[in-house]
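>>> have a look at this fold, sequence not included:
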């Protein structure tokens, strides 16, 4: 009987070696999304695109057309460095219980709203990749309170309470 060899876990040291800076993260993103060589959408020639120094993009060697690997991803339109996004994804994929936004704030050194948005985008993307459907059909829930306060009702003010004084005499309370 053959033993199944388990994959070695991806440690923090492995992560730091593989993605030391933003350039390595962008290179990985370009390779994952478009491959090592790609056909230019403008001139239709196939080749390896070169990295632009001035922006986070790659350029066709023949016509100079730019390809932006971050467009259409959760990393688009953000000022957070790509390395921090990759590190946040690493934390999400290696954690057994999820990562709260407060933890991302501490680990990445970003503000809470930024950490919250990053966590939301990563969770949304992971749900899209995993294909987890939303709840539907017959759903059972134990010990759950569904509903809330009825709109337009002022509680404790619409009930007529007897107007007794604490100093009233016992004879007054007993009168019919």
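Arrived safely, thanks for sending. On a predicted model such as this, the values are computed, not experimentally measured, just so you know.

>>> quick one, domains of this structure?
For the chain, automatic domain parsing gives the domain ranges 9-71, 72-128.

>>> can you give me the strands in the protein?
38-39, 46-47, 50-51, 58-59, 66-67 (DSSP state E).

>>> may I ask you to name the longest helix in this protein?
helix 112-130 (DSSP state H).

>>> related to what we said a few turns ago, most packed of the domains of the chain?
Looking across the domains of the chain with neighbours counted as mean count of other CB atoms under 10 Å, the highest average goes to domain 72-128: a mean of 15. C-betas here are computed from N, CA, C, even on glycine.

>>> one step back: between the domains of the chain, which one is closest to residue 147.
domain 72-128 (26.8 Å; CB to CB).

>>> how long is that closest one end to end?
14 Å (CA to CA, to the nearest Å).

>>> please apply the same query to stretch 54-68.
12 Å.

>>> hmm, who's touching that stretch?
22, 26, 30, 34, 38, 40-43, 45, 47-52, 69-70, 82 (CB atoms under 8 Å, 6 or more residues apart in numbering).

>>> before we move on, the earlier item: now the domains of the chain as a markdown table including mean pLDDT and distance to residue 135?
Shown next, in a markdown table, are the domains of the chain (pLDDT from 0 to 100; distance: least, CB to CB, whole Å):
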| stretch | mean pLDDT | distance to residue 135 |
| --- | --- | --- |
| domain 9-71 | 88 | 31 |
| domain 72-128 | 92 | 13 |
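
>>> between these, which one is closest to residue 136.
domain 72-128 (14.6 Å).

>>> re earlier: among the domains of the chain, which is nearest residue 137?
domain 72-128 (18.3 Å).

>>> follow-up on the earlier one: can you redo the strands of the chain as CSV with distance to residue 74?
Shown next, in CSV, are the strands of the chain (distance: least, CB to CB, whole Å):
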stretch, distance to residue 74
strand 38-39, 22
strand 46-47, 28
strand 50-51, 21
strand 58-59, 19
strand 66-67, 18
